[in-house]
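**Student:** based on what follows, work out the 3D shape:
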Amino acid sequence: MLKISFVFILVGVSFILYGYFGSAEATKYAQTKPCLYISASLLNVREKPSLDSSIISKLPQNHRICNYEYENEFVKIENGYISAKYVNINKTQQSTIKQISKNENKKFTLTSTKDNIRQKADEYFALNDYVSAMNLALKANKENPNNKDSWEIFSKSIYMQGNKDEAINVLKFFLAYNYDESLYELLAKMEEGNSLPRE
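**Tutor:** Below is the predicted model:
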């Protein structure tokens, strides 16, 4: 009886997710990684991944990029390449007062949901449902891009789906801006090709 109920829940979640993202192709891009924001006041888009390459356009600060790939010190976007040094997972704040009040609100609202989301993501991960675990991690990441737990479960889910290089790049990106010893250990395991424990 419990197995049948669980199957119905999974089928229902699948229909909801499919309806939410519209198509398999949209889901692929919606689920793979968090969006990035331009941190420079104006960032050059280059034709090739080189500072010597010609500039083809410019992007303003806080421009959102969701479809991208890392290529060494550059990020490949739809119409060219940008320097990875000038992108971040957070928007650049315009004033200190706004930043303080926004962060205080985030801390207050997330304390009630973050543990619940992480717990559900861990449950999906333990059941080998890596897509659902990844989706919940993305949801937590949208609420708080600095949430270490969401990055951990997100990268582990990608890794377990066979996208090892992408998982490694995701962790490297997060660790470039945030130090966390357990994530460095996870990164080392991934780079060595070790299997990951199911929590």
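
**Student:** mind pulling up the pLDDT for K76?
**Tutor:** pLDDT, K76: 93.

**Student:** all numbers from here: first residue = 765
**Tutor:** From this message on, residue numbering opens at 765, which makes the last subject K840.

**Student:** and it, how far is that from V934?
**Tutor:** 15 Å (Cβ to Cβ, to the nearest Å). (Each C-beta comes from the backbone N, C-alpha and C, glycine too.)

**Student:** next: D893.
**Tutor:** 19 Å.

**Student:** of the two, which one has the most company?
**Tutor:** Each of D893 and V934 has its neighbours counted (other Cβ atoms under 10 Å); V934 has more, 23 against 17.

**Student:** does the more buried one really touch E833, like I thought?
**Tutor:** No - counting by Cβ atoms under 8 Å, E833 is not a contact partner of V934; they are 11.5 Å apart.

**Student:** A804 against Y850, yeah?
**Tutor:** Yes - at 4.1 Å, A804 and Y850 qualify as touching, with contact defined as Cβ under 8 Å.

**Student:** buried ones in stretch 946-962, by neighbour count?
**Tutor:** For stretch 946-962, a neighbour-count test (16 or more other Cβ atoms under 10 Å) marks L947, L950, L951, M954 as buried.

**Student:** tell me how many other residues crowd A901.
**Tutor:** Neighbours of A901 (other Cβ under 10 Å): 30.

**Student:** doesn't it fall inside a helix?
**Tutor:** Yes - A901: assigned to a helix according to DSSP: H, G, I helix; E, B strand; the rest coil.

**Student:** show me where the protein has strands.
**Tutor:** 800-802, 806-810, 819-824, 828-829, 833-835, 838-841, 844-847, 851-852 (DSSP state E).

**Student:** CSV please, covering the ones you listed and showing mean neighbour count and distance to D886.
**Tutor:** Putting those into CSV (neighbours: other Cβ atoms under 10 Å; distance: least, Cβ to Cβ, whole Å) gives the following:
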stretch, mean neighbour count, distance to D886
strand 800-802, 20, 26
strand 806-810, 17, 37
strand 819-824, 13, 37
strand 828-829, 12, 29
strand 833-835, 15, 27
strand 838-841, 18, 30
strand 844-847, 21, 34
strand 851-852, 20, 27
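
**Student:** returning to that earlier point: going by distance to A897, which of the buried residues of stretch 946-962 wins?
**Tutor:** Nearest to A897 among the buried residues of stretch 946-962, counting by Cβ to Cβ, is L950 at 14.7 Å.

**Student:** tell me how far the closest one lies from L891.
**Tutor:** When L950 is compared with L891 (using Cβ to Cβ), they lie 20 Å apart.

**Student:** what do you get for A897?
**Tutor:** 9 Å.

**Student:** what about stretch 898-918, average pLDDT?
**Tutor:** 81.

**Student:** same check on stretch 940-951?
**Tutor:** Taken as a whole, stretch 940-951 has an average pLDDT of 84.

**Student:** now do that stretch: everything it contacts.
**Tutor:** Contact partners of stretch 940-951, identified using Cβ atoms under 8 Å, 6 or more residues apart in numbering, comprise 852-853, 910, 912, 915-916, 919-920, 932, 935-936, 938-939, 960.
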